[in-house]
Each structure stands twice: as structure tokens, then as C-alpha cells.
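# Starting from these lines, generate the structure:
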Amino acid sequence: MTDGEKLDLIINKLGVLEDGFGKLEKRFDVLENRFDALENRFDTLENRLYALEKRFDVLENRFDALEKRFDALEIRIDTIENRLDILENRMDALESDLKDIKFTIENEVRANLQAVAEGHLDLSRNLHDAIKPGNEIEMLIVKVRMLETDVRRLKEKIS
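As a prediction, this is how the structure comes out:
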């Protein structure tokens, strides 16, 4: 091969290489454009993620505020429960005292009143033998009142 042929062959090959480089350059331009598009999309995604992050921060702050309010409510409810427990204990004590008072009235006061009434009748009988029917009526009235009280209590227990 002569030098001219070699040179033509080299020139042809350089032309082919130049065409290949041109194609590669075009492909790199296409790739560069695609990378730019991807970069723009990533920037858009990044902006959207940043906006979402801000919204989540706002939500987190709101949840923190709600949590604080619930904690305050829980403390108030505990306080109310404690006060209700105290009131329950006081009511139980009052019920016990009331039962004691009822038993005292039934067992002591009533018996004492009956004894006084009977003593009164004896005195009255000695002084006023002539008024005998009135004294018996008085005693009957006392007994009727006692029976009425007993009947009322029985009705209350039945109800």
C-alpha cells in the first residue's frame, strides 16, 4: 500500500471516527438534556418534600399541643376523682352516723319517752282518777304514733 492509500484509509477511518464522535456527541447532548430534565424533576420533588416536611412539622406541633392539653385534662380528672373519693368517704361516714342516730332514737329515746309517758300517766292517775278515760286515750295516742312511725319505716324499706 502506498502512502497515499494509507493516508486515504486513515482519512476514511478518521471520517468514520469523526462521525462516531459526532454521534457520541449527540448522544451525550441527549443524555445531558435528560439529566437536566431529571435534575429539574428532582428539584421539584425536593421542593415538594420540603413543603411536606413543613406541613409535618406543623402537624407535629399541633399534636404536641393536643398532648399537653390531654395531660392537663388527665390531671384535672385525677383531681376530680380524688375529690369524689373524699366525698364518698364522707357520705359513708354520714350514713354510718345517721344509722347510729336512728338506732339511738329507736332504742333509747323512744323507750325513754314511753317511760316518761307511763310515769306521767301514773301521776296523772293519782291526781285525776276521774279523768281516767282521757289518760288512756293519751297513752293510746302515743302508741298509735309509735305504730305509725313503724309502719312508715316498713313502707320505706319495702319501697
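# State the number of residues packed around residue 106.
14 (other Cβ atoms under 10 Å). Using the backbone N, CA and C atoms, a C-beta is placed for each residue, glycine as well.
# Next, work out how far apart it and residue 82 are.
Distance check for residue 106 against residue 82: by Cβ to Cβ, to the nearest Å, it reads 37 Å.
# One more: residue 33?
From residue 33 over to residue 82 the distance is 73 Å, taken as Cβ to Cβ.
# Kindly report the same for residue 114.
Residue 114 is 47 Å from residue 82, by Cβ to Cβ.
# With residue 111 instead?
43 Å.
# wait, residue 110 sits on residue 146?
Yes. Contact criterion Cβ atoms under 8 Å: residue 110 and residue 146 qualify, at 6.7 Å.
# Just the mean pLDDT for the longest helix that the chain contains, thanks.
Counting by DSSP state H, the longest helix found in the chain is helix 3-104. Averaged over helix 3-104, pLDDT sits at 92.
# next one: stretch 149-159
88.
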